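Peer 1: here is my input; please provide its structure:
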Amino acid sequence: MSYDQRTNNLEPLISLLENNPNYNPNEEQYKVETYKTKKATMLALTKDVAEKFVPFNTARSNRNQVVYTNEDNLVALANSAKEYISTILDKSSLQYKAIARITFKKR
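Peer 2: Prediction:
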């Protein structure tokens, strides 16, 4: 069940409890006002997530382009640097072995 559905399901519950004259709990957590406050909080948080999701997703997409898909992406640059270093260093050196273990992959 999505968060929107959970929030929407609170409205019939609140309405049912408000219209029932016998419903008068002593515990604060079961009072109608507590449910109304909880619903308002849930709506505000859901709205906040919805507003921040698009910029977040756009930033993630931009990051992926820089790292993986652009012509001058970071993965290609790192692999080129690794190839260049392998031509300079002796293949039995510790530096070469450390660099050779590092892998850069496109997704």
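Peer 1: for the longest helix along the chain, buried residues please.
Peer 2: Taking DSSP state H as the criterion, the chain has its longest helix at helix 32-64. Applying a neighbour-count criterion of 16 or more other Cβ atoms under 10 Å, one finds 32, 35, 39, 42 buried in helix 32-64. Using the backbone N, CA and C atoms, a C-beta is placed for each residue, glycine as well.
Peer 1: also stretch 63-71?
Peer 2: residue 67.
Peer 1: can you give me the end-to-end span of that stretch?
Peer 2: Distance across stretch 63-71, first residue to last, is 14 Å (Cα to Cα, to the nearest Å).
Peer 1: can you tell me what sits against it?
Peer 2: 73-75, 106-107 (Cβ atoms under 8 Å, 6 or more residues apart in numbering).
Peer 1: again, only using 10 Å
Peer 2: Applying Cβ atoms under 10 Å, 6 or more residues apart in numbering, the external contacts of stretch 63-71 come out as 61-62, 72-78, 104-107.
Peer 1: what of stretch 4-23?
Peer 2: Contacts for stretch 4-23 (Cβ under 10 Å, 6+ apart): 1-2, 24-25, 30-33, 35-36, 38-43, 45-46, 50.
Peer 1: burial count for residue 87?
Peer 2: 6 (other Cβ atoms under 10 Å).
Peer 1: care to break this protein down by domain?
Peer 2: Domains of the chain are assigned by automatic domain parsing as 1-63, 71-107.
Peer 1: run the chain-centre distance for the longest one.
Peer 2: Taking Cα atoms, centre = their mean, to the nearest Å, the mean C-alpha location of domain 1-63 is offset from the chain mean by 20 Å.
Peer 1: now the end-to-end length of that domain.
Peer 2: 31 Å.
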